[in-house]
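**Student:** need a structure here:
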Amino acid sequence: MDRQEVIDTPRLELHHLNVAELISLFETPEDPWIYEGKGFTNPHRELIDGSGPLAWRVPQVKVEPRLNKWFVRWMVLKENREIIGSTSFHGAPDEHGMIEIGLGVCPAFQRQGFAFEALAGMWGWVCAQEGVKTLRYTVSASNSASIALVKKFGFSHVGQQMDEIDGPEEIYELSAQEFKRLSF
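**Tutor:** Model prediction:
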């Protein structure tokens with residue numbers, strides 16, 4: 001199996017989807033087999049009603065399955081074993097060691113610290129991977145909640161870019177070395 005270990009945070013478990021699960025979730029989202037034997041449910045229909053990153057990640061893993069190591073993880077709330085969001089890196093670290101992340105939290109669970117907790121877990125995991133030097137987070141200038149979130153980690157604004165889908169975005173970065181010095 002190409003599944004990565006579960007990342008454990010105080011209130012969440014971040015469960016990695018293997019290649020078959022990722023593809024099935026995108027191509028046949030109503031098929032329940034990917035939840036069988038997992039001990040958690042998806043009552044909020046995370047990545048079912050809106051595919052989120054799947055439209056980009058599935059074509060990538062079909063070409064290069066080894067990239068899946070960096071991709072989608074469910075955010076499972078320990079308290080009730082429900083999926084409340086997801087997170088995914090955009091790909092493997094680039095030639096400079098930069099890696100970018102995205103995440104989504106179901107509306108009913110936003111503004112409760114789950115995004116911070118998931119990012120801390122994901123960045124902690126990725127900083128232990130070979131070749132990772134820079135953490136990147138991009139966000140719309142109008143998304144004040146996400147900007148405040150990334151600033152809590154000490155990220156610095158380093159520029160802007162035009163995203164084909166999302167439009168103009170602000171770019172924030174932090175060195176992996178600096179992240180490792182932080183404690184959460």
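**Student:** which stretches of the protein form strands?
**Tutor:** 7-8, 12-16, 73-77, 82-89, 98-105, 134-139, 156-163, 167-175 (DSSP state E).
**Student:** Next, name the residue at the spatial heart of this protein.
**Tutor:** T87 (2.0 Å; CA atoms, centre = their mean).
**Student:** okay, the nearest residue to R3 once chain neighbours are set aside: pLDDT?
**Tutor:** Counting by CB to CB, 6 or more residues apart in numbering, R3 lies nearest to N18, which is 4.5 Å off, once chain neighbours are set aside. Every C-beta, even on glycine, is put in place using the N, C-alpha and C of the backbone. If you check N18, the pLDDT there is 96.
**Student:** Next, the residues that contact the helix ranked longest in the chain from outside, please.
**Tutor:** When the chain is parsed with DSSP state H, its longest helix is helix 114-127. By CB atoms under 8 Å, 6 or more residues apart in numbering, the surrounding residues in contact with helix 114-127 are 7-12, 14, 70, 73, 75, 77, 84-85, 87, 89, 99, 101, 103, 105, 132, 135, 137, 146, 149-150, 152-153, 176, 179-180, 184.
**Student:** Where does the prediction get shaky in this protein?
**Tutor:** By pLDDT under 70, the weakly predicted segments of the chain are 1.
**Student:** and K38, what are its phi and psi?
**Tutor:** Note on K38: backbone dihedrals following degrees, to the nearest 10 are phi -90, psi -20.
**Student:** dump the residue contacts of it.
**Tutor:** Counting by CB under 8 Å, 6+ apart, K38 touches H15.
**Student:** That one and W74: what is the separation?
**Tutor:** 9 Å (CB to CB, to the nearest Å).
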